[in-house]
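Peer 1: quick one, structure for this:
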Amino acid sequence: MFSHGIHQDTLMDKLKILADAAKYDASCSSGTAGKRSAQKGDGGIGSLTGGTGICHSFTPDGRCVSLLKILMTNYCIYDCQYCINRVSSNVQRARFKEEEVVELTLNFYKRNYIEGLFLSSGIIQSPDYTMEAMIRIIKTLRTVHGFKGYIHLKTIPNASPQLQIEAGWYADRLSINVELPTQTSLNQYAPEKSIEDITSTMGRLKEKISEGKTEKKMPRYTPGGQSTQMIIGADSTSDKGILSTSVGLYSHYKLRRVYYSAFSPIPDSSRLLPSQPAPLIREHRLYQADWLLRFYEFTLDDILVGTQGDMLDLNHDPKLAWALQNRHLFPLDLNTADRHLLLKIPGLGVRSVDKIVALRRFHLLSWEDLSKLHVSLNKVKPFVSVLNYRPHRQVLDQDNLGLLVQKPKQMNLFESSSQCQLF
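Peer 2: Numbering: from 1, shown residues only. Next up is the predicted model:
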C-alpha cells in the first residue's frame, strides 16, 4: 500500500497517535468520519481504523471536504499548560518523516478517503526548523506530485516572516492560533507565546492575501484566507472579552473564521487549570454570537444586553435573548421594517430576509408567502406581522414565549460546532 519501503504497521501506529493529537485543533474541523467506520476490531472495506485522522472542512467556494488531519509530530519544546503535547506532558510521542506524510496524503486521496490535508505540528528544535519541514511537505505534494487537493496549514508564530509568506503559495488556507484571548492569560499559561507575534504574522499574511487578489497573472495566494482558534474556559476571560478579541481580529486582519474550543482537562495538568471541562453549550453560544456579529449586523452591546457578568445566556441563543430583552420592538411588520431589524427576528436567516425584501417590492406579504420561504414558522410567529396575521400581545408578554425556549443540549466533543446557525 505504501511505497518507499515504509512499514505499514509502524506508519499506522504513528497515524493513530498523531491524528488523535490533532483532534484538539478546531480551526478546520466540523466533525469526524466515525459514521463510516466499521465495528470495533473489524477493518472492513474502506475502513480507516475507525475514521482515524479524517475531519471535515469547508473550501472557499463552500464545499464540504474530508481532510486528513494530523500533526507532523507531537514532540514540542514549548510547555503550554493547556496543551496535551507540551514538553512536560507524559504522552506517547511520534514523528512522521516528511515522505510519510506525502505518501499518506497521496494514498488516501487516490482511494477517495480524503480530498485534502490539514497539517499542524508541535515545535521541534526551533520554529524555523519546524516550519521548513512542513513547507517541504506541502511543496512536494504540489510541485512534485501535482496534488490539487485542499491543503490547510498551521503556521508557526515565531517562524521567520519569509517562511510564513512562502507557506501561502502552497496552502489553500493558513491558520495561526491565538489560543487564549489576552496576553495576560498567555503569560500565565503559555509564556513562550506572544499575541504581538501572532498578530504580526496575521498582518503580514493579510497584506499578502490582499496583494494576491490584485495580481491576476499570479497563482491565487491562500485563497481560503486565514483562521484562528481560542480555547474557552481555560482562563477566566469572560464571553465579552473573548468576543471583543474576535471582533478585533476580524476587523484588523480580515480572518475568515475564529474557532472556539471548549477547554477539556488533560492528564497531569497544571493546578492553574480548571479541574472540570468548560460546558460545550458555552462554546456553541459563542459560535452563534460570532455569527450574529459577522452576518446579522449585531453589535457586542446588542448581544450582551441584559447578560450577567458579561457572559452569554446559556438558556437562550443570543438572538432570542436579544428579542426577549427588546420585546417592545415586536411584532415587526415584514412589509415595512428595514433590513437591519428584519435580521434581528428569531427564525429568520440572511437569505430569508433578502427574499422578503425582494418580494415585498411587488406585493404585500401574507402569511402564505411567509410559509413558502421555508422558515421556522413557530419561531417567527410571535415576532412578526404580515397582511393577514398579527400575534396577540399576550404572546409577547409571556416570560419565555412558551415553547420557543428549549432546554440547552450538551454537545459531544465531535459534534459540529460550525453548524450553529439556529436562527
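Peer 1: name the helix or strand for the spatially most central residue of the chain, please.
Peer 2: When Cα atoms, centre = their mean is applied to the chain, the residue found nearest the centroid is residue 259 (3.5 Å). Using DSSP states H and E, residue 259 maps to strand 257-262.
Peer 1: show me what that strand is packed up against.
Peer 2: Under the contact criterion of 3 or more Cβ pairs under 8 Å, 6 or more residues apart in numbering; DSSP states H and E, strand 257-262 touches strand 226-232, helix 239-253, helix 280-295. All C-beta atoms are positioned from the backbone trio N, CA, C, and that covers glycine.
Peer 1: out of those, deepest packed?
Peer 2: Compared across the helices and strands packed on strand 257-262, strand 226-232 shows the largest average neighbour count, a mean of 24 (mean count of other Cβ atoms under 10 Å).
Peer 1: pull the distance from that strand to the chain's centre.
Peer 2: 7 Å (Cα atoms, centre = their mean, to the nearest Å).
Peer 1: cool, and stretch 185-192?
Peer 2: 23 Å.
Peer 1: which pLDDT does the model give residue 302?
Peer 2: Per-residue pLDDT puts residue 302 at 94.
Peer 1: with residue 212 instead?
Peer 2: Confidence score, pLDDT, at residue 212: 78.
Peer 1: I'd assumed it was in a helix, is it?
Peer 2: Yes. Counting by DSSP: H, G, I helix; E, B strand; the rest coil, residue 212 is located in a helix.
Peer 1: which residue is the nearest non-sequential neighbour of it?
Peer 2: Computed as Cβ to Cβ, 6 or more residues apart in numbering, the closest residue to residue 212 that is not its neighbour in sequence is residue 221, at 3.0 Å.
Peer 1: break the protein into its domains for me.
Peer 2: 8-226, 318-404 (automatic domain parsing).
Peer 1: for the ones you listed, give me JSON lines that also has distance to residue 250.
Peer 2: Shown next, in JSON lines, are the domains of the chain (distance: least, Cβ to Cβ, whole Å):
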{"stretch": "domain 8-226", "distance to residue 250": "11"}
{"stretch": "domain 318-404", "distance to residue 250": "17"}
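Peer 1: the ones you listed: lowest mean pLDDT?
Peer 2: domain 8-226 (a mean of 85).
Peer 1: just how off-centre is the strand holding residue 259 within its chain?
Peer 2: Centre-to-centre, strand 257-262 and its host chain are 5 Å apart (Cα atoms, centre = their mean).
Peer 1: what of stretch 327-347?
Peer 2: 29 Å.
Peer 1: mind listing residues that contact it?
Peer 2: Stretch 327-347 is contacted from outside by 296-298, 302, 317, 319-320, 322-323, 326, 348, 350, 353-354, 356-357, 360, 364-365, 370, 375-380, 382-387, 390-391, 396-397, 404, 423, using Cβ atoms under 8 Å, 6 or more residues apart in numbering.
Peer 1: do the same with stretch 379-399
Peer 2: Counting by Cβ under 8 Å, 6+ apart, 323, 327, 330-335, 345-348, 364-367, 369-370, 401-402, 404 sit against stretch 379-399.
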